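Colleague: This is the structure alone, sequence omitted:
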């Protein structure tokens, strides 16, 4: 397949905008599927996990290859639920273009904004598809307006719907000025009906005027009041879309099979091929200041990024990769630069959702799955042995919620450990730690649904029954002032002793995570023990100092110390650094940080007072209120996650079941003093009871 005929695209949107239904229709019209699966029947091709079929939502991004006309399209259908935002993040990192789907009734919703911002960050060109035009309350013009107002999308309609709601009966293509009606799953081209002609001409003129801003030839034709040929308009739309100057917007009703073929044409016409995206830039392995370029060509050295792992019960672990340059063949050796290890390529598969086709080689632009990889994880760079480089990694959001779990049967402890390790391998936003004091396993994730799915998978995929505790907030610890700490660790107990001495400065490091700086002069601490100091501090960060929560955003500067020729050791310096850090941390005005969520509530006007009052009681901060549709409003704000447990039930009660909400992680923010004191008291009491139980 020539590279200019290849499209790597994602389909992304807010939950329930119709992404998976749209993908099913695309697979039907491209001949990949003979019949259409429905989400509500649990028969969707892309939702093949048991948990997806039961809930009618997408959880894992699924990859599939299909063909339209003379082009090949690799599609990744991504989740819309905020708990699985990492799936969207890692998909966008390797995709070239995106279809952003919007519900014609809901318009721009919270996760639409999150996905849009992720696409902006990765500079992914996109087209908009306003779905569900047949639903009551559908309003194409309103959605386009919201895209411009809330997403700064510079949305340009290239379609005009003929009617809406139950009267939605066709689409006018504003480029060719032809109309399409849909019968028996096929689009039939007709002349524009008389009653829509005036509106279509005005919309066409608006489109030409918009494109005149980016194309001088069209500008001169626009000023001369002459017709612009359709091919010239398409070319201008393609260029402007690839440069992220505009977002072409189409419309349709996927469930009713309306507008799918026109959308597929737009994917080919306006979204980029690997050639349009151009070269990828990587960092030199030995010198971070130097960079290397890899062009989408089979002649360039091999470079790829691993973006997803899946445990398949039939073939074992599948590692999904996007190839940026070079050719990958069965049996060759490649280098994983992230791990510094060689990998041998076993089997290469082209994936069709849950089915797979084995191939002997893959080239630039391909998205394939590898079986038999030993070391590779999400975000790792794979490249030619003789031409190493690092590609940009994948941003992994922090976990915000924790849950304590234990195997229902004691003998399943090791089985549970193995299953959790496999799940954490697949999903880097899923965390595991073992609490030595309580002898419980603590899992953490992006939200209640995220952890619920993981527990369900433990039960059904790995046959491990677990007992689950109450969900709790994943707090963090940090400091607010700078301080120095000096500690000498010295123990003599017959034979070789332990000796280490460190002097460190601890500084707040907002938003930058943990940093370690070595300022030792004159060898007062030998070079071989400097990493031991860092290791001792890192172990302490995980277990926390103030209340046992992980420490974040701290900079540690190693200033001075002493050593003993015989008694100093790696172990002694680890212990010394840990105690030195703990002492300094407690002097640096430590505080707790809590996850704060961005919330959007859609409510009828009658309940707006109840909703706002309830959010205020939950320490919420209302940021904006806007008209959602006639008789309904959207309330946007920030609320601590701690206050949001059980909110779904409360919202139902105060709105007679008519309001809905969605929320996503915003950032970690300081807990106020009185709440922090309460949390610390509870932690101290819990430790006291645990100690009593042990005695």
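Modeller: It's in. Since this is a predicted model, take the numbers as computed values, not measurements.
Colleague: now the end-to-end length of stretch 621-635.
Modeller: End-to-end distance for stretch 621-635: 11 Å, by CA to CA, to the nearest Å.
Colleague: And that stretch, what's buried?
Modeller: Using 16 or more other CB atoms under 10 Å as the burial criterion, the residues of stretch 621-635 that qualify are 622, 625, 628, 632-635. All C-beta spots, glycine's among them, are computed from the backbone N, C-alpha and C.
Colleague: and what of stretch 375-384?
Modeller: 376-384.
Colleague: and if you look at stretch 383-398?
Modeller: 383-384, 387-391, 394, 398.
Colleague: Show me which of the residues you listed is closest to residue 525.
Modeller: residue 390 (30.5 Å; CB to CB).
Colleague: residue contacts, the closest one?
Modeller: 282-285, 337-338, 381 (CB atoms under 8 Å, 6 or more residues apart in numbering).
Colleague: hang on, the earlier thing: just flag the most distant two among the buried residues of stretch 621-635.
Modeller: Maximum distance among those (CB to CB): 16.5 Å, for 622 and 632.
Colleague: Let's test this: mean pLDDT of whatever helix or strand residue 636 lives in, rounded?
Modeller: Assessed by DSSP states H and E, residue 636 sits inside strand 632-640. Mean pLDDT, taken over the full extent of strand 632-640, equals 91.
Colleague: elements contacting it?
Modeller: With contacts taken as 3 or more CB pairs under 8 Å, 6 or more residues apart in numbering; DSSP states H and E, strand 632-640 sits against strand 590-604, helix 608-617, strand 621-629, strand 660-670.
Colleague: Just give the nearest non-adjacent residue to residue 176, would you?
Modeller: residue 230 (4.9 Å; CB to CB, 6 or more residues apart in numbering).
Colleague: In the stretch 51-200 of the chain, where is pLDDT below threshold?
Modeller: 51-63, 77-87 (pLDDT under 70).
Colleague: and residue 662, what does it touch?
Modeller: Neighbours of residue 662 in contact, by CB under 8 Å, 6+ apart: 14-15, 82, 109-111, 599-600.
Colleague: follow-up on the earlier one: may I see the buried residues of stretch 621-635 arranged in JSON lines, with distance to residue 419 as well?
Modeller: Below are these laid out as JSON lines (distance: CB to CB, whole Å):
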{"residue": "622", "distance to residue 419": "42"}
{"residue": "625", "distance to residue 419": "45"}
{"residue": "628", "distance to residue 419": "43"}
{"residue": "632", "distance to residue 419": "44"}
{"residue": "633", "distance to residue 419": "45"}
{"residue": "634", "distance to residue 419": "40"}
{"residue": "635", "distance to residue 419": "40"}
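Colleague: worst-scoring helix or strand of the protein, pLDDT-wise?
Modeller: helix 50-55 (a mean of 40; mean pLDDT, DSSP states H and E).
Colleague: and the spatially closest residue to residue 118 that is not a sequence neighbour, what element?
Modeller: Ranked by CB to CB, 6+ apart and with sequence neighbours excluded, the top spatial neighbour of residue 118 is residue 92, at 5.4 Å. Assigned by DSSP H and E, residue 92 belongs to helix 85-94.
Colleague: what sits up against that helix?
Modeller: 8, 10, 12, 59-61, 76, 78-79, 98, 111, 114-115, 118-119, 122, 124, 305, 307-308, 322, 367, 378-379, 392, 394-397, 427-429, 446, 664-665.
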